[in-house]
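In: Below is the structure, and that's it, no one-letter string:
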């Protein structure tokens, strides 16, 4: 079950990586009227959220820089500065790599403890396995946001 869930996550991440590589930077960082974030923020946010939901709740160290986590965690907004452009390569590097690491860590038996957590959608997560599954729901929401942003920005 977990292997299938991580394969779904990998597919999301491949789509996100294509967006980062194919959409012009000016459009990646543009916040259209009526929106409070941009395409890049949504993609960086899913990278951070997976680490928080799966690793932090399991009491394990996360594989991301703390400042990056704080810039793209829930409740954050695009900073609109050069830092975001610096974060682009970092995000591309970690999109798929972190899912591969998660699969390796899961197979290695690293996820032995978990702090239950109720999400903002009122779903209570009680294990790393449940978090991995819920993460796909979360990434699907942000994939929808990216598709909406692309449409509003006139990107095919």
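Out: Yep, it's here. Being a predicted model, the structure only gives us computed values, none of them experimental.
In: List the buried residues in stretch 48-61.
Out: For stretch 48-61, the neighbour count (16 or more other CB atoms under 10 Å) marks 48-55, 57-58, 60 as buried. All C-beta spots, glycine's among them, are computed from the backbone N, C-alpha and C.
In: Rebuild the residues you listed as CSV, extending it with secondary structure.
Out: Shown next, in CSV, are these (DSSP: H, G, I helix; E, B strand; the rest coil):
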residue, secondary structure
48, helix
49, helix
50, helix
51, helix
52, helix
53, helix
54, helix
55, helix
57, helix
58, helix
60, coil
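In: with those in mind, which one is nearest to residue 81?
Out: Distance to residue 81 across the buried residues of stretch 48-61 (CB to CB) is lowest for residue 48, with 17.7 Å.
In: Contacts only, for the closest one.
Out: Residues counted as contacts of residue 48 (CB atoms under 8 Å, 6 or more residues apart in numbering) are 64, 68-69, 72-73.
In: now do 10 Å
Out: 62, 64, 68-74, 76, 91, 94, 98 (CB atoms under 10 Å, 6 or more residues apart in numbering).
In: Could you pick out the buried ones from these?
Out: Judged by 16+ other CB under 10 Å, buried ones among the contacts of residue 48: 62, 64, 68-69, 71-72, 91, 94, 98.
In: For those residues, which two are the farthest from each other?
Out: 71 and 98, at 16.3 Å, using CB to CB across those.
In: Centre-most residue in this protein?
Out: By CA atoms, centre = their mean, the chain has its centre lying nearest to residue 46, at 1.2 Å.
In: How about residue 3: what's its closest non-neighbour residue?
Out: Nearest-residue entry for residue 3: residue 103, 7.2 Å, with adjacent residues in sequence omitted and distances by CB to CB, 6 or more residues apart in numbering.
In: swap in residue 98?
Out: residue 63 (5.8 Å).
In: do residue 1 as well
Out: Residue nearest to residue 1 in three dimensions, not counting chain neighbours: residue 129, with 7.1 Å by CB to CB, 6+ apart.
In: which ones are touching the nearest residue to residue 10 once chain neighbours are set aside?
Out: Among residues not flanking residue 10 along the chain, residue 99 sits closest, at 5.3 Å (CB to CB, 6+ apart). Residue 99 is in contact with 6-14, 47, 50, 54, 132, 135, counting by CB under 10 Å, 6+ apart.
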